[in-house]
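K.L.:
Provided below are the primary sequence and the corresponding predicted coordinates.
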Amino acid sequence: MSSRNLVAPLIALAAASVLITGCGADPLNIVVLSARAPGNKCDFSDDTLYVARGSLDLRPYVDGGQQFQTQRYYQVFSWRSNLTSVPITVNGQVVDPASGNDFVADSVHYEYQYSDPNVVLAPEAQNMRAVITAGGNQTDNSVPADLIQPGAFAAINASNLGSAGQTLLVTFQIFGKLAAGGSKHTNKVSFPLTVYRSSTTALDCGASGLVPNGGVCGVPGRDQDVSCTTP
């Protein structure tokens with residue numbers, strides 16, 4: 001089966017909302033906040049629209065004669081920088097335009113809690129690059145996360161996952177450095193997902209003259225059942 005990388009009771013607390021926590025001795029100057037809703041264009045541009053959880057249907061589907069399965073859940077979060085931006089001048093000349101406190105993210109670390117005790121999900125890490133300037137606010141700044149990493153997907157997909165679904169609590173933390181040097185990290189953020197497989201039979205929409213329904217983000221199974229729609 002081909003993969004398609006597109007923009008999609010055990011853990012009671014996870015069902016309520018995104019969880020934001022502090023971590024470690026490093027002052028939390030770079031703070032990841034709410035999960036943005038994709039909006040009508042899947043651009044995640046409005047920080048006043050947010051979501052508390054998501055879902056992903058792992059049912060396979062056929063598109064253009066090939067079988068696919070959505071393996072990712074791409075989510076965008078607001079973030080802000082509490083660092084100050086102060087230019088440095090010497091003899092009236094600006095020698096530092098105040099970019100030294102800009103935060104440059106280089107990796108994100110994921111941890112998982114899963115409601116099926118027979119499935120063990122190991123921590124995973126992913127390289128990334130994202131920048132937020134010193135003093136950047138959450139209205140104008142956002143950062144993406146691929147919440148279901150390859151190892152987690154493989155283990156869940158290989159399990160006895162059915163239509164009733166399981167709860168996947170994803171906790172991630174972003175690491176990086178300041179432009180002037182010095183390591184920094186964000187707070188930890190947890191986001192709950194319901195993962196399920198509405199059917200083990202691949203859905204072939206083309207047989208009925210239809211196409212897979214990707215929703216606003218063009219991702220079959222993201223926040224809805226894998227289904228068909230008109231071209």
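P.N.:
Structure's in. What do you need?

K.L.:
where does the protein dip in pLDDT?
P.N.:
1-27, 88, 94-98 (pLDDT under 70).

K.L.:
Spell out the residue ranges of the helices in it.
P.N.:
Under the criterion DSSP state H, the chain contains helices at 150-157.

K.L.:
Contact partners for Gly64?
P.N.:
Gly206 (Cβ atoms under 8 Å, 6 or more residues apart in numbering). Where you see a C-beta, it was placed from the backbone N, CA and C, and this is true even at glycine.

K.L.:
Could you report the separation of it from Cys205?
P.N.:
Here the criterion is Cβ to Cβ, to the nearest Å. By it, Gly64 lies 10 Å from Cys205.

K.L.:
And for Gln93?
P.N.:
From Gln93 over to Cys205 the distance is 64 Å, taken as Cβ to Cβ.

K.L.:
The two - which one has more neighbours?
P.N.:
Neighbour tally, Gln93 and Cys205, criterion other Cβ atoms under 10 Å: the higher count belongs to Cys205, 20 against 7.

K.L.:
Give me the nearest residue to Leu193, chain neighbours excluded.
P.N.:
Computed as Cβ to Cβ, 6 or more residues apart in numbering, the closest residue to Leu193 that is not its neighbour in sequence is Leu168, at 4.5 Å.

K.L.:
for Gly165, that is, sorry about that
P.N.:
Tyr196 is the one closest to Gly165 (Cβ to Cβ, 6+ apart), at 3.2 Å.

K.L.:
hey, what's the one you found bridged with?
P.N.:
Asp57 (DSSP bridges).

K.L.:
from memory it sits against Asp57, does it?
P.N.:
Yes. Under the criterion of Cβ atoms under 8 Å, Tyr196 makes contact with Asp57 at 6.0 Å.

K.L.:
Between those two, tell me which one has more neighbours.
P.N.:
Looking at Tyr196 and Asp57 with other Cβ under 10 Å, you find the greater number of neighbours at Asp57, namely 25 against 18.

K.L.:
need the contact list for the more buried one.
P.N.:
Thr70, Tyr196, Arg197, Ser198, Pro220, Gly221, Gln224, Asp225, Val226.

K.L.:
okay, now the nearest residue to Ser142 once chain neighbours are set aside: neighbour count?
P.N.:
Excluding the flanking residues, the one nearest Ser142 by Cβ to Cβ, 6+ apart is Val76, at 5.0 Å. Residues contacting Val76 under the criterion other Cβ under 10 Å number 19.

K.L.:
swap in Ser190?
P.N.:
Using other Cβ under 10 Å as the criterion, the residues surrounding Ser190 number 18.

K.L.:
Now do the residue nearest to Pro60 when sequence neighbours are not counted against Asp63, distance only.
P.N.:
Counting by Cβ to Cβ, 6+ apart, the nearest residue to Pro60 once its immediate chain neighbours are dropped is Ala202, at 4.1 Å. Separation of Ala202 from Asp63 (Cβ to Cβ) stands at 10 Å.
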